[in-house]
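Trainee: Dropping a prediction and its sequence here:
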Amino acid sequence: MEGKKAPAFELPDQSGKSVSLRDLTARGNVVLYFYPKDMTPGCTTEACSFRDNIGELRALGAEVVGISADSSGSHQKFIEKHSLNFPLLSDAGNTVCKAYGVYKKKSLYGREFMGIERTTFIIGRDGTIRKVFPKVKVNGHTEEVIAALKALRQP
């Protein structure tokens, strides 16, 4: 998907306000990360890492946005509990997750089910996907994103 146009979307954020990809890219690069579920250990670690590094990410010209299938209300609680400083979008029908190819068959303890595969996209101001991080390992991921943003700034 790198080098291709990012699928356009419009989803409600944690307060129910509609947010589109166009709105986000108008402000700069977008670090769009898809995660399985609010309040779960891996997703909390990932969100808090983005929170703790938001200054550096913004200094590199990027906004962070998370997407999961959780409701706006669930996102609001997640943001309040962990003092998150970026929006979380609700993709209740997994429409955007499917458009980005992150809604996949997963297995846990021998049981197969459909779910969101933790994936991060860096999308440029022009709406082009600059970098994809598939099957994200939470520890060290924010540092990988920061390194990629720095690399993208090189002429």
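Mentor: Nice, thanks for sending it over.

Trainee: Glu63 sits in which helix or strand?
Mentor: Using DSSP states H and E, the element containing Glu63 is strand 62-68.

Trainee: Show me the strands paired with the lowest-mean-pLDDT helix or strand in the chain, marking each as parallel or antiparallel.
Mentor: Ranked by mean pLDDT, DSSP states H and E, the weakest helix or strand in the chain is strand 103-108, scoring a mean of 90. When pairs are called by DSSP bridges, strand 103-108 turns out to pair with strand 111-116 (antiparallel).

Trainee: Please tell me how far the partner strand is from the chain's geometric centre.
Mentor: Its chain's C-alpha centre and that of strand 111-116 lie 19 Å apart, by Cα atoms, centre = their mean, to the nearest Å.

Trainee: cool, stretch 121-130 as well?
Mentor: Centre to centre, stretch against its chain (Cα atoms, centre = their mean), the figure for stretch 121-130 is 13 Å.

Trainee: And it, end to end?
Mentor: With Cα to Cα, to the nearest Å applied, stretch 121-130 spans 7 Å between its terminal residues.

Trainee: In the sheet, which strands lie alongside the strand holding Glu63, parallel or antiparallel?
Mentor: Short version: by DSSP bridges, strand 62-68 pairs with strand 29-34 (parallel), strand 88-90 (parallel).

Trainee: Is it possible to get JSON lines of those that adds mean pLDDT and distance to Val96?
Mentor: Any C-beta I mention is one placed from the backbone N, CA and C, and that applies to glycine too. Listed next are these as JSON lines, based on pLDDT from 0 to 100; distance: least, Cβ to Cβ, whole Å:
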{"stretch": "strand 29-34", "mean pLDDT": "98", "distance to Val96": "8"}
{"stretch": "strand 88-90", "mean pLDDT": "98", "distance to Val96": "8"}
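
Trainee: a markdown table for those strands, including distance to Arg22 and mean neighbour count?
Mentor: What follows is the strands paired with strand 62-68, written out as a markdown table (distance: least, Cβ to Cβ, whole Å; neighbours: other Cβ atoms under 10 Å):
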| stretch | distance to Arg22 | mean neighbour count |
| --- | --- | --- |
| strand 29-34 | 11 | 25 |
| strand 88-90 | 14 | 25 |
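
Trainee: rewinding a little: may I have the least confident helix or strand of the chain as PDB, with CA atoms only?
Mentor: What follows is strand 103-108, C-alpha atoms only, in PDB (Å, rounded to 0.1, in the frame of the first residue of the first chain):
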ATOM      1  CA  TYR A 103      -9.600  -6.500   9.500                       C
ATOM      2  CA  LYS A 104      -8.300 -10.000   9.300                       C
ATOM      3  CA  LYS A 105      -8.700 -13.600  10.500                       C
ATOM      4  CA  LYS A 106      -6.900 -13.900  13.800                       C
ATOM      5  CA  SER A 107      -6.400 -16.800  16.200                       C
ATOM      6  CA  LEU A 108      -6.100 -16.900  20.000                       C
END
